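S.K.: here are the coordinates; sequence isn't available:
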């Protein structure tokens, strides 16, 4: 299994493992062993089926994302055990998918593309100083993209950490982070004031 499948299996066992345990029958009348086995089997069959479907879906998703020429997917978002979130971007088209996953995780982090033809006016958005906080650290650069490990707990309540992603050439990104109060722009223009 891949590390993604291992993490998925671990989360499923952690969240739903108690369903696998067989509670003791009531003290007044112990159930016969065969009835207890039937009850346990009735509970395990739906759980095992659900786990098998989830695992099969995870495998299918991973195969879909990694199919093709062996290229990495356009983005990757990983929620780490220490509360941080790692965001990797390999193609600018991955911005929407990454933001969808970040929203589903409920973290105040968004990726915003930096493009030449952006009509958004940065002065209409409220960027705030980072106040000396370490909000994100770059991950080991790759030949096909850029990544940041974001310290979600360091983001002030009501603010959003914006990862501005400027694709300099296919797979080569310049990224920087800014704190934003209020609405997130759909894009940022290249040049001064961006």
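M.R.: Received it, and whenever you're ready, just let me know what you need. Treat the numbers as computed from the prediction; the structure is a model and nothing was measured.

S.K.: Next, the contact list for the nearest residue to residue 148 once chain neighbours are set aside, please.
M.R.: Of all residues not flanking residue 148 in the chain, residue 136 sits nearest, at 4.4 Å (C-beta to C-beta, 6 or more residues apart in numbering). The way it works is simple: take the backbone N, C-alpha and C, and place the C-beta from them, glycine included. By C-beta atoms under 8 Å, 6 or more residues apart in numbering, the contact list for residue 136 reads 148-151, 161, 163, 177.

S.K.: Buried ones in the helix or strand harbouring residue 87, by neighbour count?
M.R.: Per DSSP states H and E, residue 87 falls inside strand 85-89. Judged by neighbour count using 16 or more other C-beta atoms under 10 Å, the buried positions of strand 85-89 are 85, 87-89.

S.K.: Counting neighbours, what do you get for residue 109?
M.R.: Residues lying near residue 109 (other C-beta atoms under 10 Å) number 23.

S.K.: hey, what's it bridged with?
M.R.: residue 161 (DSSP bridges).

S.K.: Just list the residues touching it, thanks.
M.R.: By C-beta under 8 Å, 6+ apart, the residues touching residue 109 are 85, 87, 102, 150, 152, 155, 160-161, 163.

S.K.: Can you tell me which of these is nearest residue 75?
M.R.: Nearest to residue 75 among those is residue 87, at 7.5 Å by C-beta to C-beta.

S.K.: Residue 91: neighbouring residues, count only.
M.R.: 18.

S.K.: how far away is the nearest residue to it once chain neighbours are set aside from residue 105?
M.R.: Excluding its sequence neighbours, the residue lying closest to residue 91 (C-beta to C-beta, 6+ apart) is residue 74, at 4.0 Å. With distances taken as C-beta to C-beta, to the nearest Å, residue 74 is found 18 Å from residue 105.

S.K.: same question, residue 126
M.R.: Here the criterion is C-beta to C-beta. By it, residue 126 lies 24 Å from residue 105.

S.K.: next one: residue 85
M.R.: Residue 85 sits 7 Å away from residue 105, going by C-beta to C-beta.

S.K.: now do residue 175
M.R.: 19 Å.

S.K.: Which one of the two is surrounded by more residues?
M.R.: residue 175 (19 against 13).
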